[in-house]
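Trainee: Sequence and predicted structure are below.
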Amino acid sequence: MEKHADEHNPTHSHHHDSHSHSHPHPHPHSRNHVDPEVNTSRRDFLRVLMGGALAGASVLELAYHRAAWARAAAPATEGNLFDLQKVADGVYFAHAHPQAMVNCNAAIFVRSKDAVVVDAHSKPSAAASLIAQIKREVTAKPVRYVINTHFHWDHTQGNHAYRQANEKVDYIATATTKQLMQDQSLARLKSSLDDEVPKQIDALQARAAHSTSAAEKAFCAEQVRQMQAYQAELKDYTLELPTITFDKTYLLQDPAFDLHLEFHGRAHTAGDLFVLCPQQRALATGDAVHGWLPNLTDGFPRLWPGTIDDVARADFKYTLGGHGPLQADRTVMMNQRNYIEELTEKVEAGKKAGLTLAELQQRLTVASLKSMQSNGYETFLTRTLAASNPHFGPMPPLQHDVNDNIRDVYTNLDRA
Ligand SMILES: [Zn+2]
């Protein structure tokens, strides 16, 4: 028996959990947010908040406390790392809560005898948390297939939890994604554990030490706690590689509905796949299309817009992206496509004219980019950023992330 997890109109987007960008590595400037997933630290946190530590707090800090307190006090989301939203019959969107170590969203397809989940987050405990939530809120049917849209850590490192829940699970990806996982997953994880996460922890601890705000110290402590939990968990890591691979298309047929797994060209990575459910008009897109700024670190700037055009020929209404809120129309998809195209054209022209990367980052402002100023893209991104990111104090400007995109387009311009 299926229970509808979320009867909200799916056109109502949930902006409180989006974020500006995803990175294949923990990001040195990741915007952090308190997600009181562990009761003991929640109690400590509340004690700090309620212990008179707010004397002299700024308006901004008080707003932050109110949001954090509301979160901590809300029993409905206790322990959950995701909001499960019903998209259509048998189709659910698991919208990830902000975490210091980012979890991707998942798409869940409930079929006649089993379930199919798209993408598996940054750690097995997050995937295990979703498995438990699916059981509580959606279906008791086992997850038979896990689809990895691409090889990045925040979409694959939770794979093993599905094997632990059901030995018969198969992992499906493109052959390219399997190759990239084989070649890069363990090395990237090692550099994250040895180098990037310790640096982020050091930075948070230094920030806490220099802060006079008890609330800011508590914020930093919670972020550090989440990162240390990640380090401890991932120290002992089982890489689960795809067990089923394909080059162009792979079909999962079922009496409930079909799932078409399709490669449409290079985009966010060399191996991105899309999952189309024609009967329910839903498309899971991984990070090739999502509600944050695109991440081009491993991307193909010249090819990406054409890949989106190719998949956009299909008939679908809902886009279930790897990050950010569910989309019930194609506005964000086309905004993102146009943004990548414009950035690529302008970086290419600038490079030809002999401009340095720093000069390009100065010239290509958010205000000057037509794609940012069209169809509400800047407003959408700014709102999702401000509403949803783990952060304390003012958000870094959107330009900060655009500058990362400019750097990556500059570096990867000629990848084909
Ligand atoms: Zn991602």
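Mentor: That came through, no problem.

Trainee: where does Thr297 fall, phi/psi-wise?
Mentor: Here is the backbone geometry of Thr297 (degrees, to the nearest 10): phi -60, psi -40.

Trainee: for the stretch 151-300 of the chain, what are the low-confidence residue spans?
Mentor: Scanning the stretch 151-300 of the chain for pLDDT under 70 picks out no residues.

Trainee: where along it do the helices fall?
Mentor: In the stretch 151-300 of the chain, the segments counted as helices under DSSP state H, counting those that start in this stretch are 153-156, 159-165, 175-180, 186-191, 197-210, 214-234.

Trainee: For Gln399, find the nearest of these.
Mentor: helix 197-210 (20.8 Å; CB to CB). Glycine gets a C-beta too; all of them are placed from N, C-alpha and C.

Trainee: tell me which residues in that closest one are buried?
Mentor: Val197, Gln200, Ile201, Ala203, Leu204, Ala208 (16 or more other CB atoms under 10 Å).

Trainee: what's the answer for stretch 173-182, then?
Mentor: Ala173, Thr174, Thr176, Thr177, Lys178, Gln179, Leu180, Met181.

Trainee: Nearest to Ser125 among these?
Mentor: Out of the buried residues of stretch 173-182, the member with the shortest distance to Ser125 (by CB to CB) is Met181, at 19.9 Å.

Trainee: After the helix or strand hosting Ala358, heading C-terminal, what element do we hit next?
Mentor: Secondary structure assignment for Ala358, by DSSP states H and E: helix 357-363. With elements assigned by DSSP H and E, the helix or strand that comes after helix 357-363 is helix 370-373.

Trainee: Using PDB, write down the CA coordinates of that following helix.
Mentor: The C-alpha coordinates for helix 370-373 follow below in PDB (Å, rounded to 0.1, in the frame of the first residue of the first chain):
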ATOM      1  CA  LYS A 370      21.600  38.400 -20.500                       C
ATOM      2  CA  SER A 371      20.800  34.800 -19.400                       C
ATOM      3  CA  MET A 372      20.900  35.900 -15.700                       C
ATOM      4  CA  GLN A 373      18.500  38.800 -16.400                       C
END
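
Trainee: for the record, mean pLDDT for the helix or strand that that helix is followed by?
Mentor: Later in the chain than helix 370-373, the nearest helix or strand by DSSP H and E is helix 377-388. Across helix 377-388, pLDDT averages out at 87.

Trainee: Helix 377-388 - contacts with which helices or strands?
Mentor: helix 331-352, helix 370-373, helix 398-412 (3 or more CB pairs under 8 Å, 6 or more residues apart in numbering; DSSP states H and E).

Trainee: Is it possible to get JSON lines of the ones you listed that adds distance to Pro390 and mean neighbour count?
Mentor: What follows is the helices and strands packed on helix 377-388, written out as JSON lines (distance: least, CB to CB, whole Å; neighbours: other CB atoms under 10 Å):
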{"stretch": "helix 331-352", "distance to Pro390": "22", "mean neighbour count": "19"}
{"stretch": "helix 370-373", "distance to Pro390": "24", "mean neighbour count": "17"}
{"stretch": "helix 398-412", "distance to Pro390": "15", "mean neighbour count": "20"}
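
Trainee: Output the ones you listed as CSV; include the columns mean pLDDT.
Mentor: As requested, the helices and strands packed on helix 377-388 are exported to CSV (pLDDT from 0 to 100):
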stretch, mean pLDDT
helix 331-352, 98
helix 370-373, 98
helix 398-412, 97
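
Trainee: what about Asn159, distance to Gly322?
Mentor: 15 Å (CB to CB, to the nearest Å).

Trainee: just Thr238 next, same as before
Mentor: 22 Å.
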